[in-house]
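**Student:** pasting the sequence and the predicted coordinates here, then a few questions.
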Amino acid sequence: MSDSIIDPTTPRKAPKPEVTKIQGRPLKPSTLMMGHGYDPVLSEGSLKPPIFLTSTFAFESAAAGKRHFEGITGKRPGGADGLVYSRFNGPNQEILEDRLGIWDGAEDALSFSSGMTAITVLMLAYASQNDVIVHSGPLYAASEGFVAKVLAKFGVKYVDFPAGATREEIDAVLAKAKAMAAENGGKVCMVYLESPGNPTNALVDVEAVRDARDAALGPECPIAIDNTFLGPLWQRPLDHGADIVVYSLTKYVGGHSDLVAGSIAGARKWMDPVRSLRNTMGGICDPNTAWMLLRSLETVELRMQRAGENAAKVCEFLSQHPKVERLGYLGMIADARQQDIYDRHCLGAGSTFSVFIKGGEAECFRFLDNLTIAKLAVSLGGTETLASHPASMTHLSVAEGRRAELGIGDNLVRISVGIEDADDLIADFEQALEHV
């Protein structure tokens, strides 16, 4: 081994400052994805980071070990200064977290073994007995179920509001939540949003939520938002008042339907409590998955752009088809309130949308069963086009009345358009609709 081999305590620290600007202009995220947070010189010249398959890391001195554990245990904020143990951190995960933070303009980021691990650890880090969580609706069914069924067992209550709620409606919900929490000796511990909502694409006015939060609760109550449907390319919630942004990295960031992971990002003060609980519980993304995500981040902009272009063409076709009742597509919003939110918050319409087919479950099933290019599968954001029936699949665990309230009917099909040829996809949807 040469002297240039990676230092196990600081495996990715460059000997000189990284290049983040050129001619005084900050480099764009797509450029930084090619090398940010990693110096090949410190890993035998390997152009890409190696996969670090180890459970523990050697300290350069006992004093260094003490210093790292001061960060791990919270005696100092911000986590360990170096590598300690793979339940806490690792080179691949740290490089990944550095790059994830770039897309959202976040000070810090944390990676997890799945999107739901990220969500549950986040909520557990902030919720205490008798607290109240305020959340928008719809949420991904597992997220809503965790709040309503699991946290409820520990005395945490919730109040929800529809995604398109106005400032006045949000004010009323926060007042109700605040009174509920005070009555039980707790607090409103978090406002949790999902925008666009899964699977309807309903948008939340994050700016209105921030203003209402500031007025009713103060800025110490964090606003977290699941940005999976539009992130990281088409929406930057931290710019509009959210404190924490949440992702299922399985979707657009991973983008190839070959991994499962999640993340959160935001200011370090919001990340530290979650990092501390993750250190205890585990749930950090594994090194191999982190490495694959680094690969995927290099092309995320290209993939999302192509998918978005395809979705626009497909939706133009579907919007004129006689067997389609309507679309839940952000490029074709009929509601003025939703359009206003879109104009202020979004940078693109995305490639995941809902199709409301004339009929019900039987008609949707005929459509799904006759697709040839598009695959009948849950998930979204992959290179391939996927289609599913939320009412009988991803949201089956949601009570029928609640599904109706949220607009998740039996005639709704969720489609995530991939990067195939758009004309081929249109032909596939056309022939499948012939069977309806």
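**Tutor:** It's in. Note that this is a predicted model, so its numbers are computed, not measured.

**Student:** just give me the residue closest to the centre of this structure.
**Tutor:** residue 247 (1.5 Å; C-alpha atoms, centre = their mean).

**Student:** list the buried ones in stretch 49-65?
**Tutor:** Of all the residues in stretch 49-65, those buried under the rule 16 or more other C-beta atoms under 10 Å are 49, 51-52, 57, 59, 64-65. All C-beta atoms are positioned from the backbone trio N, CA, C, and that covers glycine.

**Student:** mind listing the strands for the chain?
**Tutor:** 21-22, 25-26, 108-112, 132-137, 157-162, 188-194, 223-226, 244-248, 262-266, 324-328, 352-357, 375-376, 386-388, 412-416 (DSSP state E).

**Student:** can you list those strands in a markdown table and add distance to residue 32?
**Tutor:** Shown next, in a markdown table, are the strands of the chain (distance: least, C-beta to C-beta, whole Å):
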| stretch | distance to residue 32 |
| --- | --- |
| strand 21-22 | 11 |
| strand 25-26 | 9 |
| strand 108-112 | 14 |
| strand 132-137 | 31 |
| strand 157-162 | 37 |
| strand 188-194 | 27 |
| strand 223-226 | 23 |
| strand 244-248 | 18 |
| strand 262-266 | 15 |
| strand 324-328 | 33 |
| strand 352-357 | 26 |
| strand 375-376 | 33 |
| strand 386-388 | 29 |
| strand 412-416 | 27 |
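
**Student:** need those strands in TSV (columns: mean pLDDT and distance to residue 86).
**Tutor:** Below are the strands of the chain laid out as TSV (pLDDT from 0 to 100; distance: least, C-beta to C-beta, whole Å):
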stretch	mean pLDDT	distance to residue 86
strand 21-22	90	34
strand 25-26	93	33
strand 108-112	98	12
strand 132-137	97	31
strand 157-162	97	34
strand 188-194	98	29
strand 223-226	98	26
strand 244-248	98	22
strand 262-266	98	17
strand 324-328	97	41
strand 352-357	97	33
strand 375-376	97	34
strand 386-388	97	32
strand 412-416	97	32
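
**Student:** returning to what we had before: just the buried residues of stretch 49-65 now: which is nearest residue 308?
**Tutor:** Closest to residue 308 out of the buried residues of stretch 49-65 is residue 49 (29.2 Å), distances taken as C-beta to C-beta.

**Student:** so who does the closest one touch?
**Tutor:** 12, 38, 43, 91-92, 95, 291, 294 (C-beta atoms under 8 Å, 6 or more residues apart in numbering).

**Student:** mind checking how far it is from residue 99?
**Tutor:** According to C-beta to C-beta, to the nearest Å, residue 49 and residue 99 sit 11 Å apart.

**Student:** before we move on, what about residue 419?
**Tutor:** Counting by C-beta to C-beta - residue 419 and residue 99 are separated by 22 Å.

**Student:** same question, residue 154
**Tutor:** On the measure of C-beta to C-beta, residue 154 and residue 99 end up 35 Å apart.

**Student:** please apply the same query to residue 192.
**Tutor:** 25 Å.

**Student:** also residue 50?
**Tutor:** Distance, residue 50 to residue 99, by C-beta to C-beta: 16 Å.

**Student:** what do you get for residue 286?
**Tutor:** From residue 286 to residue 99 the distance is 17 Å (C-beta to C-beta).

**Student:** between the two ends of stretch 81-93, how far is it?
**Tutor:** 14 Å (C-alpha to C-alpha, to the nearest Å).

**Student:** other residues contacting that stretch?
**Tutor:** With C-beta under 8 Å, 6+ apart, stretch 81-93 has contacts from 6, 8-12, 49, 51-52, 54-57, 59, 64-65, 67-69, 71-72, 79-80, 111, 279, 282, 284-285, 287-288, 290-291, 294.

**Student:** work out the gap between that stretch and the centre of the chain.
**Tutor:** With C-alpha atoms, centre = their mean, to the nearest Å as the basis, stretch 81-93 stands 22 Å off its chain's centre.

**Student:** buried sites along it?
**Tutor:** Buried-residue list, stretch 81-93, by 16+ other C-beta under 10 Å: 82-93.

**Student:** which stretches of the stretch 301-436 of the chain form helices?
**Tutor:** 336-345, 361-369, 400-406, 422-433 (DSSP state H, counting those that start in this stretch).

**Student:** mean pLDDT lowest where, among those?
**Tutor:** Here the lowest mean pLDDT among those goes to helix 400-406, at a mean of 87.

**Student:** so which bits of that one are buried?
**Tutor:** The neighbour-count check on helix 400-406 (16+ other C-beta under 10 Å) flags 402-403, 406 as buried.

**Student:** with stretch 283-299 instead?
**Tutor:** 283-287, 289-294, 296-297, 299.

**Student:** can you flag which of the contacts of residue 49 belong to helices?
**Tutor:** Mapping those onto helices (DSSP state H) picks out 91-92, 95, 291, 294.

**Student:** dump these to a markdown table, plus distance to residue 266 and pLDDT.
**Tutor:** Converted to a markdown table, the ones in helices among the contacts of residue 49 look like this (distance: C-beta to C-beta, whole Å; pLDDT from 0 to 100):
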| residue | distance to residue 266 | pLDDT |
| --- | --- | --- |
| 91 | 23 | 95 |
| 92 | 21 | 97 |
| 95 | 19 | 96 |
| 291 | 24 | 98 |
| 294 | 21 | 98 |
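
**Student:** related to what we said a few turns ago, higher neighbour count, residue 154 and residue 99?
**Tutor:** For residue 154 versus residue 99, the count of surrounding residues by other C-beta atoms under 10 Å is larger for residue 99: 23 against 12.

**Student:** lowest-confidence helix or strand of this structure?
**Tutor:** Scoring the helices and strands of the chain by mean pLDDT, DSSP states H and E places helix 400-406 at the bottom, with a mean of 87.
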